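Enquirer: this is the structure alone, sequence omitted:
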């Protein structure tokens, strides 16, 4: 799904959500969390964040991009995002990753996903 088609599938933010996100973005810019950097875009509803790999993990000293989509009724509804990088023991996707990605691209929300963890550390 291209970025433009994904953006068009997002419902417009409510006034409360828009005000809240604008306030949180200003707070982020004044006092950013360590290891995270917000990439400036023209879309308040979709944040792109650069994340530094956690020290002591396979991902240390690497940078990743995390996309966070905020729903129209944020903060009453949680944003959608990804990732459980810190418990991985190898740099590889889980064996069923392709099926998960296909489901998300077909409009299924990660909130509707029944998660299956491949290790007992999570």
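Expert: Right, received. Where do you want to start? Keep in mind that this is a model prediction, so the values were computed, not measured.

Enquirer: bridging residues for the closest residue to residue 46 other than its chain neighbours?
Expert: Excluding its sequence neighbours, the residue lying closest to residue 46 (C-beta to C-beta, 6 or more residues apart in numbering) is residue 69, at 5.3 Å. (Each C-beta comes from the backbone N, C-alpha and C, glycine too.) Residue 69 has the following beta-bridge partners by DSSP bridges: residue 46, residue 80.

Enquirer: how confident was the prediction at residue 69?
Expert: On pLDDT, residue 69 comes in at 89.

Enquirer: and it, how far from residue 96?
Expert: Distance, residue 69 to residue 96, by C-beta to C-beta, to the nearest Å: 23 Å.

Enquirer: still on that earlier bit, the residue nearest to residue 46: neighbour count?
Expert: 18 (other C-beta atoms under 10 Å).

Enquirer: quick one: it and residue 48 touch, right?
Expert: No. Counting by C-beta atoms under 8 Å, residue 69 sits too far from residue 48 to count as a contact (10.3 Å).
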